[in-house]
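Novice: Only the shape, not the letters, is given here:
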């Protein structure tokens, strides 16, 4: 369970938001929508333990990320995967490099296992045989899907995605929908931040919970182990 | 998956191509530096062995000294610590040497027989060729009744030794400048690599890898690879020097015999050099990281 208590952020001399409470249950796919410049990326950074909030705290499984033991915060970050909205710094690398460093961050991934999983993941996100492709030669959609596949190589317990659904594009929404449900069914948590939710997903998720400038949806996941079903 | 990924050789694992190129370049550089280091070590700083090879103390014996006594004296002199060799030349041998040096002076022997006295030629070890050690050998000889005169070249020897010392300092200075150049270039390479891999390091830090651990393991990796490259490069340079000395024996006069390459003190110096290179490599890694970070801030 990831909980944000009375979260507040002061940015560019103004209060972006303050006093927000969030609760992201385990083994679920969560969808946070918000208008441009509302602080969605910032919220994900705070939840991942990257950026200390100016007010409030984030508690993961009962432990404070910012007021507790720093090693716990590091362990939390190690268990998270993150697909950023932009991957400009990686433009000169290849898709294979993304997988290589992801495996390094996870540690303990055997070479043979890594190769097998890499091929499977690339195929899953619609990029078969893309290992040697340069990031700079990929479209936005391909970059985001390659980043997603590289993050999944480590098998993160919690996956944060910033603008992935919009970036991947309509043709891949079905694939992503299936992937998020599968991850949740396996007991993982997925937190997505987007400007808006695809219509079908919104209909399936039902009424969102309004939290400050954001709308929080819980995507339905059928047959979750130990979940509400 | 383990919670603490191994960070050994992290640069190599993230981006092998540039690391391989840099490693090959450093190995070749250490081959040259190792060749120079061993040449300097064996030659005693560049000039000393050359000087010791050409310098000799001559103990001129009295005319009536029997050969057996002269050879006994030569043996005693040879046992002195600074002495490399002490060889007795009888008057006949001295006369022949004189004629080789000044042909056409045979008539000098006509009336009074051989005018040349016997002498002992004393050569000093290159590592003991100092004014004090020359005095240590020459002073007792002067009081020996068999010895007529001791020729040490006292007038010019100090100046020659001083020139040799200056040459030695210059040689070691050039060697040190190359080592400093290695450090500066290494620091620039490390900095460039940190900038090139900054995205990867940020990625790892975002995924819970402590930056301090990253910096430590990069420096430790640089130290280990620096040590191994220096040792391997010096060994290769030593091999090249060995072959050079075997192929061109005249070089032995200036540098020394190939067997000296395997002396314990030579090996100890190479190990010390490798350790120093390891420290320089680690320092270059740390400073390169700091420089890259300060540019990004």
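Specialist: Received the coordinates, thanks. From a predicted model like this one, the values you see are computed outputs, not experimental measurements.

Novice: Based on its surroundings, how many neighbours for the closest residue in space to residue A:145 that isn't next to it in sequence?
Specialist: Nearest residue to residue A:145, sequence neighbours excluded (CB to CB, 6 or more residues apart in numbering or on different chains): residue A:125, at 4.0 Å. Any C-beta I mention is one placed from the backbone N, CA and C, and that applies to glycine too. Under the neighbour criterion other CB atoms under 10 Å in any protein chain shown, residue A:125 is assigned a count of 23.

Novice: wait, what's in contact with residue A:125?
Specialist: Each residue near residue A:125 by CB atoms under 8 Å, 6 or more residues apart in numbering or on different chains is listed here: A:145-146, A:148-149, A:172, A:175.

Novice: if you set the cut-off to 6 Å instead, what comes out?
Specialist: Going by CB atoms under 6 Å, 6 or more residues apart in numbering or on different chains, residue A:125 touches A:145, A:148-149.

Novice: tell me the SS of residue A:159?
Specialist: Per DSSP: H, G, I helix; E, B strand; the rest coil, the secondary structure class of residue A:159 is strand.

Novice: Surely it is in contact with residue A:190?
Specialist: Yes: contact criterion CB atoms under 6 Å: residue A:159 and residue A:190 qualify, at 4.8 Å.

Novice: just how off-centre is stretch A:12-21 within its chain?
Specialist: Using CA atoms, centre = their mean, to the nearest Å, the distance from the centre of stretch A:12-21 to the centre of the chain it belongs to is 22 Å.

Novice: got the buried residues for that stretch?
Specialist: Buried residues in stretch A:12-21, counted by 16 or more other CB atoms under 10 Å in any protein chain shown: A:16-17, A:20.

Novice: I'd like those as TSV, with distance to residue B:223 appended.
Specialist: What follows is the buried residues of stretch A:12-21, written out as TSV (distance: CB to CB, whole Å):
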residue	distance to residue B:223
A:16	46
A:17	48
A:20	48
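
Novice: Surely residue A:41 and residue A:160 touch.
Specialist: No: Residue A:41 is beyond contact range of residue A:160, at 9.9 Å (criterion: CB under 6 Å).

Novice: Name the residues of the host helix or strand of residue A:146 that are buried.
Specialist: If you go by DSSP states H and E, residue A:146 is part of helix A:140-153. The neighbour-count check on helix A:140-153 (16+ other CB under 10 Å) flags A:141-153 as buried.

Novice: At the geometric centre of chain A, which residue do we find?
Specialist: Centroid-nearest residue in chain A, with CA atoms, centre = their mean: residue A:160, separated by 1.4 Å.

Novice: which residues sit in contact with that residue?
Specialist: Counting by CB under 6 Å, 6+ apart, residue A:160 has contacts A:44, A:48, A:82, A:191.

Novice: how near is it to residue B:250?
Specialist: Distance, residue A:160 to residue B:250, by CB to CB, to the nearest Å: 73 Å.

Novice: just for the chain, where's the confidence low?
Specialist: Went with chain A since none was named. For chain A, the stretches with pLDDT under 70 are A:87-90, A:108-109, A:222-229.

Novice: wrong chain, I was asking about chain B
Specialist: Ranges of chain B meeting pLDDT under 70: B:1-5, B:45-46, B:110-112, B:295-297.

Novice: how close does the most centrally placed residue in it get to residue A:51?
Specialist: Nearest to the geometric centre of chain B sits residue B:41, at 1.1 Å (CA atoms, centre = their mean). Distance, residue B:41 to residue A:51, by CB to CB: 56 Å.

Novice: quick revisit: now flag whichever of the buried residues of stretch A:12-21 is closest to chain B.
Specialist: residue A:16 (21.4 Å; CB to the nearest CB).

Novice: Over to the closest one. Which of the three states is it?
Specialist: strand.

Novice: Could you do residue B:153 as well?
Specialist: From three-state DSSP, the assignment for residue B:153 is coil.

Novice: Same question for residue B:88.
Specialist: Classified using three-state DSSP, residue B:88 is strand.

Novice: Same question for residue B:71.
Specialist: helix.

Novice: What of residue B:60?
Specialist: Using three-state DSSP, the structure places residue B:60 in strand.

Novice: which residues sit in contact with it?
Specialist: Residue B:60 neighbours (CB under 6 Å, 6+ apart): B:117, B:119, B:148-149.

Novice: is it in a bridge, and if so with what?
Specialist: Residue B:60 has these beta-bridge partners by DSSP bridges: residue B:119, residue B:149.

Novice: in the helix or strand hosting residue A:114, what's buried?
Specialist: Here residue A:114 sits within helix A:111-124, counting by DSSP H and E. Using 16+ other CB under 10 Å as the test for burial, helix A:111-124 gives A:114, A:117-118, A:121-122, A:124.

Novice: now stretch A:77-89
Specialist: A:77-85, A:87.

Novice: Next: stretch A:58-78.
Specialist: A:58-60, A:65, A:73-78.

Novice: And stretch B:270-280, by the same measure?
Specialist: B:270, B:273-274, B:277-278, B:280.

Novice: hmm, back to that, who wins for neighbours among the contacts of residue B:60?
Specialist: Of these, with other CB under 10 Å as the count, residue B:119 tops at 24 neighbours.

Novice: Distance-wise, check it relative to chain A.
Specialist: 75 Å (CB to the nearest CB, to the nearest Å).

Novice: go on, residue B:273?
Specialist: Residue B:273 sits 33 Å away from chain A, going by CB to the nearest CB.

Novice: Got the domain ranges for chain A?
Specialist: A:1-80+A:156-221, A:89-154 (automatic domain parsing).

Novice: Break down chain B into its helices, ranges please.
Specialist: Here chain B has its helices, by DSSP state H, at B:10-14, B:16-43, B:48-54, B:67-78, B:91-101, B:131-142, B:157-196, B:198-206, B:211-247, B:264-296.

Novice: dump the residue contacts of residue 154.
Specialist: In the absence of a named chain, this looks at chain A. By CB under 6 Å, 6+ apart, the contact set of residue A:154 is A:102, A:106.

Novice: Pull the distance from stretch B:209-218 to the chain's centre.
Specialist: 38 Å.

Novice: Would you indicate which residues of that stretch are buried?
Specialist: For stretch B:209-218, the neighbour count (16+ other CB under 10 Å) marks B:209, B:213-215, B:217-218 as buried.

Novice: from those residues, which single one is nearest chain A?
Specialist: residue B:209 (6.3 Å).

Novice: May I have the phi/psi pair for the closest one?
Specialist: Phi and psi for residue B:209, reported as degrees, to the nearest 10, are phi -80, psi 120.

Novice: Repeat that for residue A:212.
Specialist: The phi/psi pair for residue A:212 (degrees, to the nearest 10) is phi 60, psi -130.
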